[in-house]
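**Q** next come a sequence and a model predicted from it.
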Amino acid sequence: ELKVEQNPLFLSMQEGKNYTIYCNYSTTSDRLYWYRQDPGKSLESLFVLLSNGAVKQEGRLMASLDTKARLSTLHITAAVHDLSATYFCAVDKAAGNKLTFGGGTRVLVKP
Amino acid sequence: DVKVTQSSRYLVKRTGEKVFLECVQDMDHENMFWYRQDPGLGLRLIYFSYDVKMKEKGDIPEGYSVSREKKERFSLILESASTNQTSMYLCASSSLLDRADYGYTFGSGTRLTVV
């Protein structure tokens, strides 16, 4: 059974500082996805990482994938209040086409 | 833009009622999914479908059924609603062909309260 674990579960950030969210998964999988969710809202796709060593960046967010370590990281550079949200990683099951989600990391950026 | 539309944003139903949650996507995606999201439990897959009239159980199918009569529409049915089915329900779709670019697109969610 594919399991996806994120840590930390909660991250209190100071504006202007850098932080990292970690996502570990248990078995070989095709792709890794990062989503953002604002309170009461649906999931917004941030990144799709397709292969070992993949790195994608959008604004202050950068995601990377190490398939050998079964680890993805979401790095936040110079945090700003607008980045406050819950971030989820998710992984495809190799044999199917189903997303398995991590538990989410709730991010709160304080001035 | 890929759009996944869920018919209701908020629903309040009584225990024992039969409840239908509707989801429509407009990008000819083959795959459609229903998840529920609960605090502390994350997102869990209820059912999914790879094609019209096809369905497969996810991780928590008990108490639910689904219907996919047309490619664009995937309905989640609560046969007899119970209070433990109070949750946020999220529909998603994806394409076998375009997964690398689009990934999965989620609807805006239906917050169901069973009283």
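**A** Happy to help now that I have it. Numbering: from 1, shown residues only, chains lettered A, B, ... in the order given.

**Q** could you use CA atoms for every contact and neighbour count after this?
**A** Fine.

**Q** is chain A contacted by stretch B:108-115?
**A** Yes: contact of stretch B:108-115 with chain A (CA under 8 Å from any CA of the partner chain) involves B:108, B:109.

**Q** contacts for that stretch, please.
**A** Residues lying outside stretch B:108-115 but in contact with it, judged by CA atoms under 8 Å, 6 or more residues apart in numbering or on different chains, are A:41-43, B:4-15, B:21, B:81-91.

**Q** of those residues, grab the buried ones for PyMOL.
**A** To isolate the buried ones among these in PyMOL, judged by 16 or more other CA atoms under 10 Å in any protein chain shown, type:
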select buried, (chain A and resi 42+43) or (chain B and resi 4+5+6+13+21+81+82+85+86+87+88+89+90+91)
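
**Q** next, count neighbours for the nearest residue to residue A:50 once chain neighbours are set aside.
**A** Of all residues not flanking residue A:50 in the chain, residue A:31 sits nearest, at 5.0 Å (CA to CA, 6 or more residues apart in numbering or on different chains). A count of nearby residues for residue A:31, using other CA atoms under 10 Å in any protein chain shown, gives 21.

**Q** and residue A:15, by the same measure?
**A** Neighbours of residue A:15 (other CA under 10 Å): 16.

**Q** hang on, it packs against residue A:76?
**A** No: Residue A:15 is beyond contact range of residue A:76, at 10.6 Å (criterion: CA atoms under 8 Å).

**Q** quickly list what the closest residue to residue A:81 other than its chain neighbours is bridged to.
**A** Counting by CA to CA, 6+ apart, residue A:81 lies nearest to residue A:109, which is 5.0 Å off, once chain neighbours are set aside. Under DSSP bridges, the beta-bridge partners of residue A:109 are residue A:13.

**Q** whichever strand or helix holds residue A:65 - what's its average pLDDT?
**A** With elements taken from DSSP states H and E, the one containing residue A:65 is strand A:61-66. For strand A:61-66, the mean pLDDT works out to 96.

**Q** for stretch A:80-99, same thing?
**A** Average pLDDT, stretch A:80-99: 84.

**Q** list the buried residues in that stretch.
**A** For stretch A:80-99, the neighbour count (16+ other CA under 10 Å) marks A:80, A:83-93, A:97-99 as buried.

**Q** which parts of chain B sit against chain A?
**A** Counting by CA under 8 Å from any CA, chain B sits next to chain A at B:40-45, B:48, B:90, B:100-101, B:103-109.

**Q** now, of these, which are buried?
**A** B:43, B:44, B:45, B:48, B:90, B:103, B:104, B:105, B:106, B:107, B:108, B:109.
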